[in-house]
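Enquirer: with the input below, show me the fold.
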Amino acid sequence: MKKSILLLMSVQFFVYLGFGIIIPVLPEVVVAQGFDEMHVGGLLTVYALASFFTAPLWGAYSDRTGRKKLIAIGLAGFSLSFFLFAAFTESLAMMYLSRVIGGLFSGALYTAVTGYVADLTDEENRNKYMGLLGMSIGLGFIFGPAIGGILGDIRLSLPFTASGTLVLILLIYAMAVLKEPQRKGEAKKRAIVPEGAGRLWGYRVRYLFLMSFMVTFLLAGIEATFQLFQIHKIEITPKQIGYLFLFSGLVDAAIQGGVVRRVKDGMETKVIMIAQIVTAAGLALMVFTGSLFWAGLSLCVFTAGNALARTVLVSLTTKESGGRYGTAAGVSYSMDNVGRIAGPLLFAWLFTRMPDGVYWISAALAVFSVVLIILYRRSNKTLREPAA
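Expert: The predicted structure is shown next:
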């Protein structure tokens with residue numbers, strides 16, 4: 001069992017490493033080929049769209065045919081997406097195709113892996129192993145941009161060739177090690193509209209769902225435009241951007257591991273409001289970038305606020321769900337994905353028209369989002385059980 005769990009953690013790590021690895025390289029590729037900078041947002045958005053809308057279909061397929069088979073299909077397709085991007089960096093249409101394929105098969109891997117773990121574990125230890133998968137996802141997000149930046153500094157296509165090769169090796173190892181688990185239930189399908197979601201929107205937890213969208217929307221927008229902005233400001237290289245994202249990822253981990261656990265029950269709304277103000281400060285600081293140090297400082301301030309808001313928000317949402325944890329998680333996931341789809345497109349579009357203005361506008365949105373928490377606090381329509 002431990003060998004299987006470690007392998008599944010590796011799969012999740014590489015899926016999200018693959019998502020992160022493109023962040024410091026994609027803007028450089030788009031600029032180097034002379035394409036409109038708007039396509040940076042478009043290439044990030046089509047990946048999220050493909051993953052989001054096909055994940056429920058993959059979940060149903062996994063329930064019918066088995067987890068191991070879908071993991072093999074997912075790894076093969078995901079590897080193909082990297083090789084396609086590496087081979088066709090001069091073709092905008094092929095880059096879009098590779099991103100669609102990458103999103104399509106990342107959705108397959110997510111549903112197959114979570115379904116496999118659900119089959120492999122019981123109620124008592126499932127949270128533990130799902131938590132390990134979550135840790136692998138976080139590590140992928142932290143190290144992906146760093147690896148992409150370092151390898152991209154050698155050759156822009158190298159990060160994709162290396163990732164495709166590693167995923168192929170992982171495919172061979174997975175087929176040798178994994179055995180089809182005994183079916184215990186359904187795969188986690190990540191439904192687009194979770195069953196029972198309508199009822200939750202009638203209560204004050206809806207403000208937390210909207211805040212979830214805003215937090216992810218701002219994060220996805222930064223991922224799409226930060227490097228483009230720094231290329232204009234200080235001619236930043238992929239290697240430098242990779243190191244900045246690595247350092248900000250460590251800040252994210254420190255916030256989640258050291259600060260969030262000290263937030264006491266009842267203090268969540270105050271912490272989220274403070275976090276959004278910190279987020280806005282980080283966005284505003286980006287406008288004044290004049291050096292690599294300042295770029296890193298502003299990114300880390302933004303990351304600290306965003307990580308704090310994101311994590312505490314998840315905790316508060318579960319408390320406010322009235323025991324409907326699965327439904328609330330499904331709605332939050334859907335709102336996150338809408339933010340990840342809309343953020344890159346809107347930020348990239350704004351950036352092409354007002355490079356400095358995009359960060360002033362996003363800082364204003366971060367401050368304005370505090371209104372959602374104020375509305376939440378003033379509402380009495382709660383699903384929470386009364387305190388003893």
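Enquirer: can you list the weak-confidence ranges in the stretch 251-388 of the chain?
Expert: Per-residue confidence for the stretch 251-388 of the chain (pLDDT under 70) gives these ranges: 325-326, 329-330, 385-388.
Enquirer: pLDDT averaged over the longest helix along the chain - what is it?
Expert: Within the chain, and with DSSP state H defining each element, the longest helix by residue count is helix 123-154. The average pLDDT within helix 123-154 is 76.
Enquirer: buried set for the helix or strand following it?
Expert: Elements were assigned by DSSP states H and E; along the chain past helix 123-154, the next helix or strand is helix 158-177. Within helix 158-177, the residues scored as buried using 16 or more other CB atoms under 10 Å are 158-164, 166-168, 170-171, 174. Bear in mind the C-beta positions are built from the backbone N, C-alpha and C, glycine included.
Enquirer: please apply the same query to stretch 344-355.
Expert: Of the residues in stretch 344-355, those buried under the neighbour-count criterion (16+ other CB under 10 Å) are 344-352, 355.
Enquirer: which of those sits closest to residue 366?
Expert: Residue 366 has its nearest neighbour among the buried residues of stretch 344-355 in residue 347, at 13.0 Å by CB to CB.
Enquirer: without its sequence neighbours, what residue ends up closest to the closest one?
Expert: If the residues on either side of it in the chain are set aside, residue 347 comes closest to residue 221, at 3.3 Å by CB to CB, 6 or more residues apart in numbering.
Enquirer: so that neighbour touches residue 345, yeah?
Expert: No: in this structure, residue 221 is not within contact of residue 345 by CB atoms under 8 Å, at 9.1 Å.
Enquirer: give the next helix or strand downstream of the strand or helix carrying residue 248.
Expert: Assigning secondary structure by DSSP H and E places residue 248 in helix 238-254. If you walk from helix 238-254 toward the C-terminus, the next helix or strand you reach (DSSP H and E) is helix 268-286.
Enquirer: quick revisit: touching the helix holding residue 248 from outside, list them.
Expert: The contact list for helix 238-254, computed with CB atoms under 8 Å, 6 or more residues apart in numbering, reads 20, 23-25, 28, 138, 141-143, 145-150, 152-153, 156, 226-227, 230, 292, 295-296, 299-300, 302-304, 306-307.
Enquirer: from residue 161, how far out is residue 102?
Expert: The gap separating residue 102 from residue 161 is 14 Å, by CB to CB, to the nearest Å.
Enquirer: residue 200 and residue 241: what is the separation?
Expert: As defined by CB to CB, residue 200 lies at a distance of 39 Å from residue 241.
Enquirer: those two: which has the busier surroundings?
Expert: A count of neighbours by other CB atoms under 10 Å puts residue 241 above the other of residue 200 and residue 241, at 29 against 23.
Enquirer: the more buried one and residue 348: what is the separation?
Expert: Residue 241 sits 16 Å away from residue 348, taking CB to CB as the criterion.
Enquirer: got it, and residue 301?
Expert: Taking CB to CB, one finds residue 301 at 22 Å from residue 348.
Enquirer: any residues touching stretch 266-277, and which ones?
Expert: 211, 263, 305-306, 308-309, 312-313, 315-316, 319, 366-367, 369-370, 373, 376-377.
Enquirer: rewinding a little: count the residues that sit near the residue nearest to residue 347.
Expert: By other CB under 10 Å, neighbour count at residue 221 equals 29.
Enquirer: show the backbone phi and psi for it.
Expert: For residue 221, the backbone dihedrals are phi -70, psi -40 (criterion: degrees, to the nearest 10).
Enquirer: residue 336 too?
Expert: Taking degrees, to the nearest 10, you get phi -60, psi -40 for the backbone angles of residue 336.
Enquirer: that one: what's its closest spatial neighbour, skipping adjacent residues?
Expert: If you skip the residues right next to it in sequence, residue 336 has residue 216 as its closest partner in space, 4.4 Å away by CB to CB, 6+ apart.
Enquirer: residues in contact with that neighbour?
Expert: The neighbours of residue 216, taking CB under 8 Å, 6+ apart as the test, are 310, 335-337, 339-340, 343.
Enquirer: residue 357 now?
Expert: Applying CB under 8 Å, 6+ apart, one finds that residue 357 lies in contact with residue 350.
Enquirer: could you pull up phi and psi at it?
Expert: Taking degrees, to the nearest 10, you get phi -60, psi -30 for the backbone angles of residue 357.
Enquirer: how close does it sit to residue 216?
Expert: When distances are taken as CB to CB, residue 357 and residue 216 turn out to be 21 Å apart.
Enquirer: same question, residue 375
Expert: When CB to CB is the yardstick, residue 375 and residue 216 sit 19 Å from each other.
Enquirer: now residue 78
Expert: In this structure, residue 78 and residue 216 are 22 Å apart, going by CB to CB.
Enquirer: and for residue 4?
Expert: Distance, residue 4 to residue 216, by CB to CB: 31 Å.
Enquirer: and what of residue 251?
Expert: Relative to residue 216, residue 251 is positioned 18 Å away (criterion: CB to CB).
Enquirer: repeat for residue 67
Expert: In this structure, residue 67 lies at 28 Å from residue 216, with CB to CB as the measure.
Enquirer: go on, residue 133?
Expert: 19 Å.
Enquirer: same question for residue 147.
Expert: Computed with CB to CB, the distance linking residue 147 and residue 216 is 23 Å.
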